[in-house]
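Visitor: Pasting the sequence and the predicted coordinates here, then a few questions.
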Amino acid sequence: IANFVPASSRLFSAFITLTANILFGRILNLKIPRGPLVVTWLVTFDCNAFCGFCGTHTLKKKFPETISLSRALEIADEIADAGTWVVGFTGGEVFMSPLLFPLIERLKQRGLVVYIVTNGLNLKNHAAKLVELKVDFIQVSLDYSQASKHDYNRKVRGLFKSALEGIEEIKKIRKSNIPVIKSNTVIMKDNLDSIDEILDYLETVVDKAHAQPISFEYESSPHHRGINRMKNYIFEADKH
């Protein structure tokens, strides 16, 4: 693995990007001359979980093709050249993409902050590689404090246990608390009343516990589902 450039070396570039985005985009209402400060890269629609609120498997059938590694690396360089500071990889399940680790390595060589979002099923198997590549943040999806409920919600037996084992492996081998481990809890009808209990538990497991409501997002997003499909998950604000 080639030497990595520390993300701090790009702080000035990040400041210029942020300033340009505000000046041209917000104040002057002109075309922004630099790229975004943060990029989210949906690296695959493949997934080994079957969450009812996520449409990634439908999108995989609709968009089965993927880009080549050489083109993906070109895009990574374009992102770095544009002045971007942070790139986050999501899916689908990121570990199912053969592009993931080559892209992480290229971006870390260019000095970017890199994070991944994972369901944690195969986190333990990849823990050493993530630490070796100096990934900055790992976000693990955990919706409950009880294994049975989490596994049922995401339709994978043993998922909760595997995610916790992966988190513990990262904590055991990382240095200087890098990668930072963050949990993300999707707030749904079934876990809303116990969300405080869930987050209190997760704060004993990860570095940072976070929660977010279900969102519909753009049409080709994995989280874009019709209202009829989502009615079992969303809750009415006036009842809580």
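Guide: That came through fine. The shown structure was predicted, so the numbers you read here are calculated from the model rather than taken from an experiment.

Visitor: so what's residue 122 up against?
Guide: When contacts are counted by Cβ atoms under 8 Å, 6 or more residues apart in numbering, residue 122 touches 48, 93, 95, 162, 166. From N, CA and C alone the C-beta is placed, and that goes for glycine too.

Visitor: again with residue 178
Guide: Contacts for residue 178 (Cβ under 8 Å, 6+ apart) come out as 134, 136.

Visitor: Show me the shaky parts of this structure.
Guide: Where the chain drops to pLDDT under 70, the residues are 1-10, 14, 18, 20-21, 23-26, 28-34, 215-240.

Visitor: again, only using 90
Guide: For the chain, the stretches with pLDDT under 90 are 1-37, 51-65, 82-83, 85, 188-190, 192-193, 212-240.

Visitor: residue boundaries of the strands in it?
Guide: 38-42, 86-90, 113-118, 137-141, 180-187, 208-213 (DSSP state E).

Visitor: roughly how far apart are the nearest residue to residue 126 once chain neighbours are set aside and residue 44?
Guide: Nearest residue to residue 126 in three dimensions, chain neighbours excluded: residue 95, at 5.8 Å (Cβ to Cβ, 6 or more residues apart in numbering). Using Cβ to Cβ, to the nearest Å, residue 95 is found at 9 Å from residue 44.

Visitor: Give me the distance between the two termini of stretch 86-99.
Guide: The straight-line separation of the ends of stretch 86-99 (Cα to Cα, to the nearest Å) is 18 Å.

Visitor: List the buried residues of it.
Guide: Neighbour counts using 16 or more other Cβ atoms under 10 Å place 86-97, 99 of stretch 86-99 among the buried residues.

Visitor: Centre of the chain to it, how far?
Guide: How far stretch 86-99 lies from its chain's middle: 7 Å, per Cα atoms, centre = their mean, to the nearest Å.
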